[in-house]
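Undergrad: Turn this into a model:
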Amino acid sequence: MGVWRQIAEYLYLKKKDPSRRDTTSIKYMHGINRISLLLFLLALIVMLVRFVKSC
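TA: Coordinates of the predicted model:
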């Protein structure tokens with residue numbers, strides 16, 4: 001599975017593969033990954049806004 005496809009699934013941009021097995025621990029792992037990706041994107045946006053403001 002490609003990295004971009006996995007990110008799209010985490011952010012609910014693409015439907016998950018129905019043939020893939022989901023256990024509770026995998027659901028928790030995906031939730032934590034989703035939170036970390038969203039925080040990373042938020043940090044990038046904040047850094048970009050600060051950079052544009054300072055110029």
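Undergrad: Now do the strands in the chain.
TA: Counting by DSSP state E, the chain has no strands at all.
Undergrad: lowest-pLDDT helix or strand in it?
TA: The helix or strand of the chain with the lowest confidence, counting by mean pLDDT, DSSP states H and E, is helix 3-10 at a mean of 76.
Undergrad: Just the buried positions in it, please.
TA: Neighbour-count burial for helix 3-10 flags 9-10 (criterion: 16 or more other C-beta atoms under 10 Å). For every residue, glycine as well, the C-beta is placed using N, CA and C.
Undergrad: what packs against it?
TA: The contact analysis (3 or more C-beta pairs under 8 Å, 6 or more residues apart in numbering; DSSP states H and E) places helix 3-10 against helix 24-54.
Undergrad: Show me what the helix it packs on is packed against.
TA: Secondary-structure packing of helix 24-54 (3+ C-beta pairs under 8 Å, 6+ apart): helix 3-10.
Undergrad: what angle do the helix it packs on and helix 24-54 make?
TA: Taking axes from the mean of the first three to the mean of the last three C-alpha atoms, to 10 degrees, one finds that helix 3-10 is oriented at 100 degrees with respect to helix 24-54.
Undergrad: what's around Leu38, how many residues?
TA: Per other C-beta atoms under 10 Å, the neighbour tally for Leu38 reads 12.
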